[in-house]
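Visitor: Give me coordinates for this.
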Amino acid sequence: MATWPGHPRNTVIPYPLLLIAHLFAALMFVGAVFFEVLILGSALSRVSAATRQRIEAAIARRARRVMPWVLAVLYASGLGMAWHYRVALAQPLASSFALMLTLKIALALSVLGHFAVAMATRGHGERITRRFRRIHLSVFCHMLGIVLLAKAMFYLT
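Guide: Numbering: from 1, shown residues only. Purely as a prediction, here's the structure:
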């Protein structure tokens with residue numbers, strides 16, 4: 001049995017199920033952001049504007065169908081996991097684990113805010129495209145921080 005602060009015990013939804021759902025949803029979300037930022041952006045710069053717009057529109061349509069579900073699983077499972085650590089989260093400065101978990105949650109909430117802004121301002125045009133690129137880059141950086149914190153909080157105590 002693990003011994004980190006606030007380790008989950010006796011809960012309605014077993015922690016391992018929450019963890020697996022969270023990991024798979026995170027994998028899908030981080031993978032999509034990684035693809036858009038590091039691969040698609042460069043590839044689209046090499047095609048015509050008309051082709052780029054068709055590809056971006058097709059990806060946006062698919063993302064609008066899939067990503068809300070991915071994010072729902074990601075944040076619902078994250079909320080369930082956070083509930084398991086509510087004792088540690090009540091005193092975020094009491095341990096390095098609690099501090100890193102708190103920072104991870106803050107970054108995750110910021111990503112959710114980015115997603116809300118992206119959905120609220122979706123549209124066409126060069127200005128919107130530049131905004132989406134900045135949002136994707138910011139989310140990518142946030143995701144790097146979240147992944148690093150997720151690993152570090154169990155090893156840096």
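Visitor: Skip the chain neighbours and tell me the closest residue to Ala21.
Guide: Computed as C-beta to C-beta, 6 or more residues apart in numbering, the closest residue to Ala21 that is not its neighbour in sequence is Ser77, at 4.2 Å. Backbone N, C-alpha and C define where each C-beta goes, glycine included.
Visitor: can I assume that neighbour is in contact with Pro16?
Guide: No - under the criterion of C-beta atoms under 8 Å, Ser77 makes no contact with Pro16, lying 11.2 Å away.
Visitor: Low-confidence regions, the chain specifically.
Guide: Counting by pLDDT under 70, the ranges of the chain that qualify are 1-11, 122-129.
Visitor: If you count residues, where's the longest helix of it?
Guide: Counting by DSSP state H, the longest helix found in the chain is helix 49-84.
Visitor: what's the helix or strand following it packed up against?
Guide: Past helix 49-84, further along toward the C-terminus, the next helix or strand under DSSP states H and E is helix 86-90. Contacts defined by 3 or more C-beta pairs under 8 Å, 6 or more residues apart in numbering; DSSP states H and E place helix 86-90 against helix 96-120.
Visitor: Counting neighbours, which bits of stretch 146-155 end up buried?
Guide: 146, 149, 153 (16 or more other C-beta atoms under 10 Å).
Visitor: give the contact list for the first one.
Guide: What it means is Ile146. Contact partners of Ile146, counting by C-beta atoms under 8 Å, 6 or more residues apart in numbering, are 26, 104, 107-108, 111.
Visitor: before we move on, what about the last one?
Guide: Taking C-beta under 8 Å, 6+ apart as the criterion, Met153 is in contact with 96-97, 100-101, 104.
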